[in-house]
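**Student:** Let me see the structure of the following:
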Amino acid sequence: MLERFFNTYRTKSEYGALSDSEIKAFVTAEYTLYLDTYMGGAEGKTGAFSFQFNMLMEKTVKVIRFIIDELKNSAFDVEDTELDFPNDIHSYSYILPDGHEIRIRGKVDRVDSSVQDNEKYIRIIDYKSKSESKGFSLTEAYYGLDLQMLIYLIAITRNGGYRYGDFKPGGVLYSNVLFGQFSEKEAKGKTTDDLIRDAFKLEGLYVDDERLSIADKNNFKPQSSTKVTPEELQTVFGKVDLLIREMGESLYSGIIPAQPLKIGSKTTCEYCAYEDACSYNMNEPKINAFAAVRSKKREHILAQMKEDVDAANESEVNGDA
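**Tutor:** Here you go, the predicted structure:
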């Protein structure tokens, strides 16, 4: 839906001028087309189905309205939607010391660009539709978790010049396109629109550059985001390369240990499609089965990343790789 919307209204001057009724008309037409094409039309559907269908349309209108408001009040405009690796842009690639090449395919929900102080910046947006965004964690990235959007940002930074011209990476931001129930505490003193706006605020990893405003300040959560300098971002990129190398070498060597991690009250097993076939927990209590990932301060993680990257570079210079 969002891809079709921004392919129809391609510039800020177009989508920024839309009224709520015009957005609703677009959404209704798109949903009706989908219903007729893939679900046999509205005839014969139950009242419960029609209610849920109408509720989904209403929520979609609100999602689009809040996305438009953020874009209108920020310096960014939409460059691409559903950017495909490798069909639209070269994928992330890493060549292992033994010659094997790792390539990672995928799609970015949205790519935005902005020219600020004569410098072009790119930010990428990931829509969170299955669960609320938890923001970005450097600690989790250090342990190889939740690397998807970082990998896409690396690919765009290294391979996107022919598509976007000269630019600097601005960051990775997560945008909820889902909202549900709110607690009494959350709702106190706020309107429904205020609650939804809070749920939709962007958060993530962004470059701390005095020339760059990464998002509209009223639609951004700096307190649950991570800022890095341009130099620190390159360190993060280097650490991602090391993680991909370690994973690739392990896979090609046939060494694939089950080493799940525990993050707070959750474990990485919750997201694994092969849990039923895994014997990791058969011979020991589950409570002792997971290595805990403990959150550490930004400065500590970045220093550790730099140490790892510097050590790997030194090893290559000395011919130890």
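
**Student:** pretty sure residue 18 is touching residue 9, no?
**Tutor:** Yes. The criterion here is Cβ atoms under 8 Å, and residue 18 meets it with residue 9 at 6.9 Å. Using the backbone N, CA and C atoms, a C-beta is placed for each residue, glycine as well.

**Student:** Settle it for me: which of the two has more neighbours?
**Tutor:** Higher neighbour count among residue 18 and residue 9: residue 9, with 20 against 17, using other Cβ atoms under 10 Å.

**Student:** Show me the helices in this protein, by range?
**Tutor:** Assigned by DSSP state H, the chain shows helices spanning 2-8, 12-15, 20-38, 47-72, 138-142, 148-159, 161-164, 184-187, 192-200, 230-252, 298-317.

**Student:** Domain parsing of this structure, as residue ranges.
**Tutor:** 1-72, 75-229, 233-317 (automatic domain parsing).

**Student:** so what's the residue nearest the centre of the chain up against?
**Tutor:** Among the residues of the chain, residue 126 comes closest to the average C-alpha position under Cα atoms, centre = their mean, at 3.5 Å. By Cβ atoms under 8 Å, 6 or more residues apart in numbering, the contact set of residue 126 is 108-109, 148-149, 172-175, 204.

**Student:** how does it look with 6 Å?
**Tutor:** By Cβ atoms under 6 Å, 6 or more residues apart in numbering, the residues touching residue 126 are 109, 149, 174.

**Student:** on that earlier part again, save the domains of the chain as CSV, and put in mean pLDDT too.
**Tutor:** Formatted as CSV, the domains of the chain follow (pLDDT from 0 to 100):
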stretch, mean pLDDT
domain 1-72, 93
domain 75-229, 88
domain 233-317, 81
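
**Student:** Could you say which of the ones you listed is packed most deeply?
**Tutor:** Comparing those by mean neighbour count (mean count of other Cβ atoms under 10 Å), domain 75-229 comes out on top with a mean of 17.

**Student:** Between its first and last residues, how far does that one reach?
**Tutor:** Length of domain 75-229, first residue to last, Cα to Cα, to the nearest Å: 20 Å.

**Student:** re the thing from before, mind checking how far the residue nearest to the centre of the chain is from residue 97?
**Tutor:** 32 Å (Cβ to Cβ, to the nearest Å).

**Student:** Residue 141 now?
**Tutor:** For residue 141, the distance to residue 97 equals 23 Å [Cβ to Cβ].

**Student:** and if you look at residue 241?
**Tutor:** Distance of residue 241 to residue 97, given as Cβ to Cβ: 13 Å.

**Student:** Equivalent analysis for residue 203, please.
**Tutor:** Plainly put, residue 203 is 37 Å away from residue 97 if you go by Cβ to Cβ.

**Student:** Could you do residue 247 as well?
**Tutor:** From residue 247 over to residue 97 the distance is 14 Å, taken as Cβ to Cβ.

**Student:** can you check residue 139 too?
**Tutor:** From residue 139 to residue 97 the distance is 28 Å (Cβ to Cβ).

**Student:** Report the contact partners of residue 277.
**Tutor:** For residue 277, no contacting residues are found, by Cβ under 6 Å, 6+ apart.

**Student:** what does residue 306 give?
**Tutor:** Each residue near residue 306 by Cβ under 6 Å, 6+ apart is listed here: residue 235.

**Student:** Begin at 52 from now on, thanks
**Tutor:** New numbering, starting at 52: the last item is residue 357.

**Student:** if you skip the residues just before and after it, what's nearest to residue 307?
**Tutor:** Among residues not flanking residue 307 along the chain, residue 301 sits closest, at 6.6 Å (Cβ to Cβ, 6 or more residues apart in numbering).

**Student:** wait, residue 260
**Tutor:** The shortest distance from residue 260 to any non-neighbouring residue, by Cβ to Cβ, 6+ apart, is to residue 281 (6.5 Å).

**Student:** The one you found: neighbouring residues, count only.
**Tutor:** Residue 281 has 13 neighbouring residues, counting by other Cβ under 10 Å.

**Student:** ok, now how distant is it from residue 222?
**Tutor:** Taking Cβ to Cβ, one finds residue 281 at 11 Å from residue 222.

**Student:** same question, residue 240
**Tutor:** Distance of residue 240 to residue 222, computed by Cβ to Cβ: 31 Å.
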